[in-house]
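# Here is my input, please return the structure:
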Amino acid sequence: MSSSPVPNALARDTYTGASTSIEIDCPEDVTGLERIMLVAQGDLQRLLSAFFGRTINIECIYSKTGSRGTGASPQNPIKQARQVHLRCGVRVLCVATSSVTVTSPECERLLLDERFALGQIFRHLRRYPDFTLLSVGAQTVDGKRELRRTYKLETEGIVCEILEVFPDRDMFSCGQAWLACDPASTSGP
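Prediction:
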């Protein structure tokens, strides 16, 4: 049997030649679809697009990058703090706040020069990042049921620690009807 054991991780992914098991420590009312989103490993935008059957866009809210100096390397890491919204039309599906550390020229170019979104960097590199789920929470904010997770993605050249907030869990149960609903309204579809 193989696994990706990480001390204190909230998700455990194990497999053999013929079986796979993913266990997640999360609130009891989290649905199957929400659990799928909680274990997304750099491909949340892609999964949301598949779920809604529509294009999901990344809107950069802010991006603060440290000095590039002589370029990214393990000895000269470049750090960036950023926040993006994953949007479908006018609806915000997820608010992602990230701390990114880049240690390779290729990742530096993709992130800072070509302005790739984080998930697209992993896809472009054709690398499956190491994933560690650090926290999961559910709460009600302004009358809406919110789901959040903090996790880490890591591969050669880039490490990301990301807090994602899904501001309205009704999107997962209502799908297209939720997208069509006025985002300014306080009640669901």
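
# Spell out the secondary structure type for residue 148.
Using DSSP: H, G, I helix; E, B strand; the rest coil, the structure places residue 148 in strand.

# What is the neighbour count of it?
18 (other C-beta atoms under 10 Å). Where you see a C-beta, it was placed from the backbone N, CA and C, and this is true even at glycine.

# is it true that it touches residue 166?
Yes: Residue 148 is within contact range of residue 166, at 7.0 Å (criterion: C-beta atoms under 8 Å).

# all helices for this structure, in order.
For the chain, the helices defined by DSSP state H cover 32-38, 44-52, 105-108, 118-125, 170-174, 176-180.

# so can I have CSV of the ones you listed showing mean neighbour count?
Output for the helices of the chain, formatted as CSV (neighbours: other C-beta atoms under 10 Å):
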stretch, mean neighbour count
helix 32-38, 17
helix 44-52, 18
helix 105-108, 18
helix 118-125, 20
helix 170-174, 19
helix 176-180, 15
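
# any chance of those helices in JSON lines, with mean pLDDT and distance to residue 160 too?
Converted to JSON lines, those look like this (pLDDT from 0 to 100; distance: least, C-beta to C-beta, whole Å):
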{"stretch": "helix 32-38", "mean pLDDT": "94", "distance to residue 160": "16"}
{"stretch": "helix 44-52", "mean pLDDT": "95", "distance to residue 160": "12"}
{"stretch": "helix 105-108", "mean pLDDT": "95", "distance to residue 160": "10"}
{"stretch": "helix 118-125", "mean pLDDT": "92", "distance to residue 160": "6"}
{"stretch": "helix 170-174", "mean pLDDT": "95", "distance to residue 160": "23"}
{"stretch": "helix 176-180", "mean pLDDT": "93", "distance to residue 160": "27"}
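
# Nearest to residue 133 among those would be which one?
Nearest to residue 133, of all the helices of the chain, is helix 32-38, at 6.8 Å by C-beta to C-beta.

# what comes into contact with the closest one?
For helix 32-38, contacts defined as C-beta atoms under 8 Å, 6 or more residues apart in numbering pick out 11, 22, 24, 26, 30, 44, 47-48, 51, 133, 136, 147, 149, 166, 169, 172.

# can you tell me which of those residues lies nearest to residue 90?
residue 48 (15.0 Å).

# roughly how far apart are the closest one and residue 34?
Applying C-beta to C-beta, to the nearest Å, one obtains 12 Å for the distance of residue 48 from residue 34.

# now swap in residue 45 and tell me
16 Å.

# ditto for residue 83
On the measure of C-beta to C-beta, residue 83 and residue 34 end up 22 Å apart.

# swap in residue 92?
17 Å.

# and what of residue 55?
Residue 55 is 22 Å from residue 34, by C-beta to C-beta.

# Then residue 41?
For residue 41 relative to residue 34 (C-beta to C-beta), the value is 16 Å.

# Understood, closing this out.
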